[in-house]
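Participant: my questions are about this predicted structure, shown below with the sequence.
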Amino acid sequence: MTTRFVTAAALSLWALAVPCRAQPAFRSGVDTVRLGVAVVDKAGQAVATLDRADFSILEDGRPQDLQLFTPAGAADTERPPLHIGLLFDTSGSMSADLSMARTAAVRFCNMLPRAEDITLVDFDTEVRVARFGQADFPRFVERLRNRKPDGWTALYDALGVYLDGTSFQAGEKVLVAFTDGGDTRSVMSYSDALTALKAADVTVYVVGFLENQGAREKLEQRMRLQALAEATGGLAFFPGTKKDIDVAYEQVLADVNGRYLLGYVSSNQANDGRWRKLEVRLNRTDLKAAKIRSRKGYFAVLRPEEAQAARP
């Protein structure tokens, strides 16, 4: 297990560096672009029987040559390593929901034994981060259970710390955030957090506890949390009861285990750091009503001279 405490000064320096650094996002090498894809039918049920020929990928409207394909439900040995991240809100405003959130988080991680590690970022006024291997699972549970609700909410800083600390990880990265939103402390802004997510190879699932908020604040936080998840091809849930949490838990678990993994080498070899819009399509006329969830795009690799020019 590794543990790190993040100071406000470090967060300030990190936030200032975000616009200037080359975007690593979404590549497991110089040339290969990889993405996870979930497909559900009009009834909301996962479509798990597709093969390589059923998919097309467009980058900025241009068809790409699909070169890597892992089917949904493939054996663990056929899939890349899985890294789990948890953003766990322990601020004072989570007092009423902390017990339910803690139980759901432990249950979720316990049902993914194929995960190589768990990165836990628990936050309130401060942000704390620790990484646990599978052998450290009891310590992970103990740390989660020992946290008491207190302080303000540094959600966006916690997200930034997670992304910065896991950028080196290769394979599938899944982040589940348990929070009531309503950031009241972060150095990092919402727009910077959203941009950082778009630049990162991670699928985000949000479990938002908004029942104790006023109507206006509830709507605002719901929209923001949904946008964070949807930018990565993930999902957002807003449970009001324990039953709702169980439904969210089952859906996230099914989504993680049922995603297709696609990869291609971009026909656009310009290293200009620009945003590339992605679209995944199905080549099956019988699945016109199906819904596809995946990343909306990625940032191209930035040439060193361009990165240098961007620094103040």
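Facilitator: Noted; the coordinates are in hand. Numbering: from 1, shown residues only.

Participant: centroid-nearest residue for the chain?
Facilitator: residue 204 (2.5 Å; C-alpha atoms, centre = their mean).

Participant: quick one: strands adjacent to the one helix or strand that residue maps to?
Facilitator: Here residue 204, judged by DSSP states H and E, is contained in strand 203-208. Strand pairing for strand 203-208, using DSSP bridges, gives strand 172-179 (parallel), strand 235-237 (parallel).

Participant: ok, then the element right after the last one?
Facilitator: Looking back up the chat, that one is strand 235-237. helix 242-257.

Participant: which parts of that following helix are buried?
Facilitator: By neighbour count with 16 or more other C-beta atoms under 10 Å, helix 242-257 contains the buried residues 245, 248, 249, 252, 255, 256, 257. In short, each C-beta sits where N, CA and C put it, glycine included.

Participant: pretty sure the fifth one contacts residue 38?
Facilitator: Yep, that's residue 255 we're talking about. Yes: in terms of C-beta atoms under 8 Å, residue 255 counts as a neighbour of residue 38; the distance is 5.5 Å.

Participant: mutual contacts of these two, please.
Facilitator: Shared contacts of residue 255 and residue 38, defined by C-beta atoms under 8 Å, 6 or more residues apart in numbering, comprise residue 46.

Participant: about what we covered before: what angle do the strand holding residue 204 and helix 242-257 make?
Facilitator: Going by axes from the mean of the first three to the mean of the last three C-alpha atoms, to 10 degrees, strand 203-208 is angled at 180 degrees with respect to helix 242-257.

Participant: just the CA coordinates of strand 203-208, formatted as CSV?
Facilitator: Presented in CSV, the C-alpha positions along strand 203-208 are these (Å, rounded to 0.1, in the frame of the first residue of the first chain):
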residue,chain,number,x,y,z
THR,A,203,-14.3,5.7,-17.6
VAL,A,204,-16.1,7.6,-14.8
TYR,A,205,-19.2,6.4,-12.9
VAL,A,206,-20.8,8.9,-10.5
VAL,A,207,-23.0,8.0,-7.5
GLY,A,208,-24.5,11.3,-6.5
